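Just the structure for this:
(chains A and B)
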Amino acid sequence: MSSPSPIDTDQPSSTVTALLQARRDKLAKLQELGIDPWGSRFDSSQAVASVRKEGESIAQDADDGPTVRVAGRIMLLRNAGRLVFLDLVDRTGRLQVMIGKKQVGPDAWPVVGCLDLGDIIGVEGRLGYSNSGEMTIFASSLTFLTKSLETPPDKYHGLVDPELRQRMRYLDLIHGEGVRDRFVARSRIIEAIRRVLTDRGYLEVEGPTLQETAGGAAARPFTTHHNALDMPLVMRIALELHLKRLLVGGMERVFELGRVYRNEGISPRHNPEFTMMEAYEAYGDYASMMDLTEAVLVAAAEAAGTPETFTWMGHDVSLKPPFPRKRYDDLLAEVTGCDPEDPASVATEASKHDIETAGRHPDVIKSELFEETVEKTLSGPIFVIDYPAAVCPLTKRKSDAPDIAERFELYVAGMELANAYTELNDPDLQEELFRTQLAGLSDDESMARMDHDFIKSLRHGMPPAGGLGIGIDRLVMFLTQASSIRDVILFPIHRPHTSG
RNA sequence: GCCCCGUUAGCUCAAUUGGUUAGAGCAUCUGACUCUUAAUCAGAGGGUUCCAGGUUCGAGUCCUGGACGGGGUACCA
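Here you go, the predicted model:
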């Protein structure tokens, strides 16, 4: 940003200059014709999809179709002398428009000569069919709305280069096959989740994204600084601890849909900022959260138009509820053949997978072994239930088995999609778990980061509760069958682009 | 962070084992056309082959370093 790269100071190539100059010339010509190339309000236009629907009931050879009015971007332009065909695209679809010199009149015709691919126009005219049977608006008037001064990508292939697609998402949305549909699906999915939760009496709330202590997950936070208070702050890595404070505060059913930030690696399944949904329900437990998770997934899939069964990332998945529920230890025994109850057996198995065992907590070893061996076999959706307690510092233990935490994770295609607990509400045990660093885990790796204010809130009494977290980006990936998280985030992170 | 691969015209892609002046389609410009639809036809212009070095008589092609991206891997219990 501070020092311009050499390429920036250079003149653009003559190709670019010629292409852009042609558009600038048309811009000037429009102004000469007394037309504002940046347009203005264009009322009473119909969505293309609804026009198309209307057109279905018109006879092919009818010449008395209704007059319609649409606005959109010119995606294709076919010039046949004193007759021009163009494909107009709006948010709902694509429709052909025919503009003839005779039909549109001598005042509007010069404007047609100024049209380029990418320009935005409004048209009004009779709806009917062309001689070749294509549904067409036969324009009787043309309203210029916005000039496009840059050249669009290849009209057939669109943008293919993944770098350009992400850096210029606006173009990707216009030209990419199914791109807009996928982001529409994302929006519908989030709508559906809100609906399921609010229908069940959950209240949507907003916690702080700038925090003193980044708790609720095991991740390295982004750090920042508040000048006026002269204090270091971190960006939140989870929503959990503030939502639980609200349970103490009597908001018995709360959820938050929000961005969290983790200063970690980037991959097809990880972006430094991503969207989480966490929900907490007083007087519930992890079993009630399983029901909620199923309801959310089924509603989200319906909203996204996801088929009930399909193959994704090499896994055959079925969204038909109820999803199978399997105990953590049983899966581990099934896949590895070791005895999960016996730390020595687990350690022996772990060594076979090059997992460090010396000086580490048996539950940590077990957890790593699980990830190494079991996760990738889980096509799902499947609830993995009852986790080793030592790796769950925020979770209530089973009353009859203190080594087991009432936690589940929902897996799909070997990937964690949701995570839920019966929430730990014993303040003394919570404080102890915060104090006791797990053997073999650094501070960054541990979820157990002391938060005195949170402990204090628990001492005032948090009702027994179930809590659920869902990774929204991964859910959207799954439901739209995307292979990269960057395909479901509108503006994924990138290095600044410096040439030369 | 590490490994592999990629980067050629505005866009999408070519270019034999290192060999003439780096080609094509779309887009752009000029011309023809009142039923086209990735319109068609005739012509024209358009290049820092990502950047910086090196090897060579000769580099888009080989070597070294760098930038950016993609995939994998690590971290993400």
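
Can you show me the helices along the stretch 301-450 of chain A?
Listed in chain order, the helices of the stretch 301-450 of chain A (DSSP state H, counting those that start in this stretch) span residues A:328-336, A:343-352, A:362-373, A:427-435.

list the helices and strands the third one packs on?
When you say that, I think you mean helix A:362-373. helix A:328-336, helix A:343-352, strand A:382-388 (3 or more Cβ pairs under 8 Å, 6 or more residues apart in numbering; DSSP states H and E). Every C-beta, even on glycine, is put in place using the N, C-alpha and C of the backbone.

To A:P307, which of the ones you listed lies closest?
strand A:382-388 (18.5 Å; Cβ to Cβ).

Provide the contact partners of the closest one at residue level.
Residues outside strand A:382-388 that contact it (Cβ atoms under 8 Å, 6 or more residues apart in numbering): A:286, A:290, A:293, A:323-329, A:331, A:362-363, A:366-367, A:374, A:378, A:395, A:398, A:403-412.

PyMOL command to pick out the buried ones of those?
Here is the PyMOL command that selects only those of the contacts of strand A:382-388 that count as buried (16 or more other Cβ atoms under 10 Å):
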select buried, chain A and resi 286+290+293+323+326+327+328+329+331+362+363+366+367+374+378+395+404+405+406+407+408+409+410+411+412
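
Wait, a helix at A:I493?
No. The assignment for A:I493, made by DSSP: H, G, I helix; E, B strand; the rest coil, is coil rather than a helix.

Skip the chain neighbours and tell me the closest residue to it.
A:P272 (5.5 Å; Cβ to Cβ, 6 or more residues apart in numbering).

which residues does A:V234 bridge with?
A:Q211, A:T223 (DSSP bridges).

those strands in the stretch 101-250 of chain A, which residues are they?
Under the criterion DSSP state E, counting those that start in this stretch, the stretch 101-250 of chain A contains strands at A:120-129, A:135-146, A:203-204, A:210-211, A:223-226, A:231-235.

how about these in CSV, adding mean pLDDT and distance to A:N79?
Shown next, in CSV, are the strands of the stretch 101-250 of chain A (pLDDT from 0 to 100; distance: least, Cβ to Cβ, whole Å):
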stretch, mean pLDDT, distance to A:N79
strand A:120-129, 97, 15
strand A:135-146, 96, 15
strand A:203-204, 97, 52
strand A:210-211, 92, 56
strand A:223-226, 90, 55
strand A:231-235, 92, 53
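
Out of those strands, flag the one nearest RNA strand B.
For RNA strand B, the closest of those is strand A:135-146, at 5.7 Å, according to Cβ to the nearest atom of the strand.

Quick check: chain neighbours aside, which residue is closest to A:A185?
Using Cβ to Cβ, 6+ apart, the closest residue to A:A185 is A:A304 (4.2 Å).

what's the answer for A:S318, then?
In space, A:S318 is closest to A:T309, 4.6 Å off (Cβ to Cβ, 6+ apart).

Now do the one you found against A:R94, distance only.
31 Å (Cβ to Cβ, to the nearest Å).

ok now do the spatially closest residue to A:R397 that is not a sequence neighbour, which residues does it touch?
Distances taken as Cβ to Cβ, 6+ apart put A:A389 closest to A:R397, at 5.3 Å, once the chain neighbours are dropped. Neighbouring residues of A:A389 by Cβ under 8 Å, 6+ apart: A:D363, A:T395, A:R397, A:P402, A:D403, A:I404, A:A405.

Burial check on A:I190, number of neighbours?
Neighbours of A:I190 under the rule other Cβ atoms under 10 Å: 18.

which residues in the stretch 151-300 of chain A form helices?
With DSSP H, counting those that start in this stretch as the criterion, the stretch 151-300 of chain A has helices spanning A:162-167, A:169-175, A:179-199, A:240-248, A:286-304.

between those helices, which one is nearest to RNA strand B?
Distance to RNA strand B, taken as Cβ to the nearest atom of the strand, is lowest for helix A:162-167 among the helices of the stretch 151-300 of chain A, at 3.7 Å.

Say whether RNA strand B is contacted by the closest one.
Yes. Shown here: helix A:162-167 in contact with RNA strand B (Cβ under 7 Å from any atom of the strand) through A:P162, A:E163, A:L164, A:Q166.

Can you tell me which of those residues are buried?
Judged by 16+ other Cβ under 10 Å, buried ones among the residues of helix A:162-167 next to RNA strand B: A:Q166.

Of the residues of helix A:162-167 next to RNA strand B, which is the nearest to A:P152?
Using Cβ to Cβ, the residues of helix A:162-167 next to RNA strand B come closest to A:P152 at A:L164, 12.2 Å.

wait, what's in contact with the closest one?
By Cβ under 8 Å, 6+ apart, A:L164 lies in contact with A:P153, A:L171, A:D172.

The first one: neighbour count?
The reference is to A:P153. With other Cβ under 10 Å as criterion, A:P153 counts 21.

got it, and the last one?
Around A:D172 there are 22 other residues, counting by other Cβ under 10 Å.

quick one: it and A:Q166 touch, right?
Yes. Between A:D172 and A:Q166 a contact is recorded at 7.3 Å, counting by Cβ atoms under 8 Å.

ok, back up a step: okay if I get the strands of the stretch 101-250 of chain A as JSON lines plus distance to RNA strand B and mean neighbour count?
Output for the strands of the stretch 101-250 of chain A, formatted as JSON lines (distance: least, Cβ to the nearest atom of the strand, whole Å; neighbours: other Cβ atoms under 10 Å):
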{"stretch": "strand A:120-129", "distance to RNA strand B": "8", "mean neighbour count": "21"}
{"stretch": "strand A:135-146", "distance to RNA strand B": "6", "mean neighbour count": "20"}
{"stretch": "strand A:203-204", "distance to RNA strand B": "25", "mean neighbour count": "14"}
{"stretch": "strand A:210-211", "distance to RNA strand B": "17", "mean neighbour count": "14"}
{"stretch": "strand A:223-226", "distance to RNA strand B": "16", "mean neighbour count": "10"}
{"stretch": "strand A:231-235", "distance to RNA strand B": "14", "mean neighbour count": "15"}
